[in-house]
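[1] my questions are about this predicted structure, shown below with the sequence.
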Amino acid sequence: MKIVIAEGKTKADFLIGSLLKKKHTLMVINEDRAFCNYLAQTHKIPIFHGDSSKLYTLEDAKIEGYDILIALSAYDSDNLAICQAAKRLFHIKKTIAIVSNPKNVDVFKTLGVNTAVSATYLLTQIIEQASTVDILLHTVSIEHNKLMLTELLMDEHCPYEYHQLQEIPLPDRTLISCVLRGNDMLSPQKELLLLPNDKLIFLSPPSAQDSIISIMTGGKPK
């Protein structure tokens, strides 16, 4: 994926190192010139010096065509402005923001930010696991990593389109909590016929996630 990292210090440095290990293409925008020099020397990636909350900075950085923008400013208002501009004006597919005030999470989502989180570790985990396979849209850890909530899209890679829900061979201790179809949330009845673009919400232990992905992309449980 092509990912823009906007602002941040320790958070940005940590994420950049993590995402580069996953072979993503990164663009970093940061208003601290000294930190930009550090990032350029440490990670050997494109760094653009400027204030990401300013429209002209995003224009000059040429971020259009990137898949994801992650806003890591210490100020929630700046992160909101960055995400909204990225999505509305530069057609970034998905925007993610770190939020200092947890009360702003729902506000950000209402205003169009795809994902707003208030923990750096959770943000990293979402991004890393979302890049595991194209159909994996969103993953969240629950109760100190004892459970994983995973959202998978029924697309051309999935062999269970037009099959009943009960035909999916689930790993041990794994269940489907619901099926999202458009704006509707469907109860996971065994006889439910799965359609293209349905989203399935799996609840499982972390050890079962690779098996879930393999099953839903036509492989066998691992």
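    Done, it's in. Treat the numbers as computed from the prediction; the structure is a model and nothing was measured.

[2] tell me which residues touch L20, please.
    Residues counted as contacts of L20 (CB atoms under 8 Å, 6 or more residues apart in numbering) are L26, H43, I45. C-beta here means a position set from N, CA and C on the backbone, and glycine is covered the same way.

[3] so it, which of the three states?
    Using DSSP: H, G, I helix; E, B strand; the rest coil, the structure places L20 in helix.

[4] so where is the protein shaky, pLDDT-wise?
    The chain contains residues with pLDDT under 70 at 119-146, 219-222.

[5] which parts of it belong to which domain?
    2-130, 136-216 (automatic domain parsing).

[6] and these, which is most packed in?
    Mean neighbour count, computed with mean count of other CB atoms under 10 Å, is highest for domain 2-130 among the domains of the chain, reaching a mean of 18.

[7] can you give me how far it is from the chain middle?
    Relative to the chain's own centre, domain 2-130 is displaced by 12 Å; criterion: CA atoms, centre = their mean, to the nearest Å.

[8] what comes into contact with the longest helix along the chain?
    If you go by DSSP state H, the chain has its longest helix at helix 76-90. Under the criterion CB under 8 Å, 6+ apart, residues 4, 6-7, 52-53, 55, 58, 63-64, 66, 69, 71-73, 92, 95-101, 104, 108, 111-113 lie in contact with helix 76-90.

[9] now I68: phi and psi?
    phi -140, psi 140 (degrees, to the nearest 10).

[10] which SSE is the residue nearest to K9 when sequence neighbours are not counted in?
    Leaving aside its chain neighbours, K9 sits nearest to F35 (6.3 Å; criterion: CB to CB, 6 or more residues apart in numbering). Assigned by DSSP states H and E, F35 belongs to helix 33-43.

[11] next SSE after that helix?
    strand 47-49.

[12] direction included, what does that next one pair up with?
    Its sheet considered, strand 47-49 pairs with strand 25-30 (parallel) by DSSP bridges.

[13] tell me what angle the strand it pairs with forms with helix 33-43.
    Counting by axes from the mean of the first three to the mean of the last three CA atoms, to 10 degrees, strand 25-30 lies at 160 degrees to helix 33-43.

[14] residue ranges of the strands in this structure, please?
    Using DSSP state E, the strands assigned to the chain run over residues 2-6, 25-30, 47-49, 68-71, 94-98, 115-117, 136-142, 147-153, 175-181, 184-186, 199-204.
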